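**Q** I'd like to go over a predicted model; first the sequence, then the structure.
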Amino acid sequence: MNKYVFVGIIAASMLIMHSAGAVAIISCHIPPSCEELGYTDVAADCEPQKAILKCPFDENKVFCQAYKFVDCANYIGLYSDLRCYKNRNNIPEGVEQIGVVFDEVNRIAVSPEYPKSSYNNTEIDITWQEAIDFCAAMDVGGLEWRLPTVAEYEVLYEGVDELIEAGIKIGQPGAGYWSADEVNEDEVYTVDLMRPGFGYGPFEKASETLVRCVASF
C-alpha cells in the first residue's frame, strides 16, 4: 500500500474518533431537577429548625433536614409545641403528641387520654364532676382541657372513623360520653357516638359514664 494512502486512512480514522468524542461531550445528560434531588420543601416548612439544605440550582427549593410541621387540619396530630406533624416518628426531641385536631375552623383538638383503672389500666366510667376534674387536671401543651359541648361532639362525630385511625379510642358500643351542657341541676347531656346516627340525651350527674377531653389551641 502506498504510504501516503496509509497515512491518509489513519488521519481519517483519528478525525472520526475525535468527532465521536465531541458528540459524546455535547450530548451529556440534562442535570436532574431540584425536586428529583429531593429538594421538595420551602424554607417556611422547616421553621423554626435551622437545618435546611438549599438546592444548588434554585435556592427557593430546600430540604428540611430535621422536622416538617404541617397546617393543623382535621385528623392531624397536635403536639406539645402546639404544632401539627404528620409523621409521629419524626418530631423534635422532647415533643409529644397531646391530641388530634377534629375542628380545624375553630382549632379544637381531642385528647387521646381517658380515665383508667389503676388495677388493670382499662378504661373506667366516672361521674360528671369527676370528668370535669379529670380534664381540668390535664397539664399538657399549656392548654385548658375541658368537656366538649354537644355541638362540639357533633362535629367530632363527623370524623369518628378518621379519629380512630389517628389513634383516638372513641365510639365503643353502648358507650355514652359526658358533655359540658347541663339539662338541669341534676342532669347533663351525654352523647352517643356509635354509627349510624349521632344522638344525645339527659343523664344523671351522679351516674357514671365515659369522658373525652378537648381543648382550643
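**A** Alright, I've got the coordinates. Numbers count the residues shown, from 1 in each chain.

**Q** use CA for all of it now, contacts and neighbours both
**A** Fine.

**Q** send the alpha carbons of stretch 74-92 over as PDB?
**A** Output of stretch 74-92 as PDB, limited to C-alpha atoms (Å, rounded to 0.1, in the frame of the first residue of the first chain):
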ATOM      1  CA  ASN A  74     -58.600  17.800  60.600                       C
ATOM      2  CA  TYR A  75     -57.300  14.500  61.900                       C
ATOM      3  CA  ILE A  76     -53.700  15.600  62.100                       C
ATOM      4  CA  GLY A  77     -51.800  15.100  65.400                       C
ATOM      5  CA  LEU A  78     -51.400  18.100  67.700                       C
ATOM      6  CA  TYR A  79     -48.100  18.100  69.700                       C
ATOM      7  CA  SER A  80     -46.900  19.700  72.900                       C
ATOM      8  CA  ASP A  81     -45.200  22.500  71.000                       C
ATOM      9  CA  LEU A  82     -48.700  23.400  69.600                       C
ATOM     10  CA  ARG A  83     -47.600  22.400  66.100                       C
ATOM     11  CA  CYS A  84     -49.000  19.600  63.900                       C
ATOM     12  CA  TYR A  85     -46.900  16.900  62.400                       C
ATOM     13  CA  LYS A  86     -47.900  14.200  60.000                       C
ATOM     14  CA  ASN A  87     -45.100  11.900  60.800                       C
ATOM     15  CA  ARG A  88     -45.200  11.000  64.500                       C
ATOM     16  CA  ASN A  89     -41.800   9.200  64.100                       C
ATOM     17  CA  ASN A  90     -40.000  12.400  63.100                       C
ATOM     18  CA  ILE A  91     -40.700  15.100  65.700                       C
ATOM     19  CA  PRO A  92     -38.400  17.300  67.800                       C
END
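
**Q** flag every buried residue along that stretch.
**A** Of the residues in stretch 74-92, those with enough neighbours to count as buried (16 or more other CA atoms under 10 Å) are 74-80, 82-86, 91.

**Q** and what of stretch 108-121?
**A** 108-115.

**Q** mind listing what D103 touches?
**A** By CA atoms under 8 Å, 6 or more residues apart in numbering, D103 lies in contact with 73-74, 109, 155-156.

**Q** ok, now with 7 Å
**A** Applying CA atoms under 7 Å, 6 or more residues apart in numbering, we find D103 in contact with 74, 109, 155.

**Q** give me the phi and psi angles of it.
**A** Phi and psi for D103, reported as degrees, to the nearest 10, are phi -140, psi 90.
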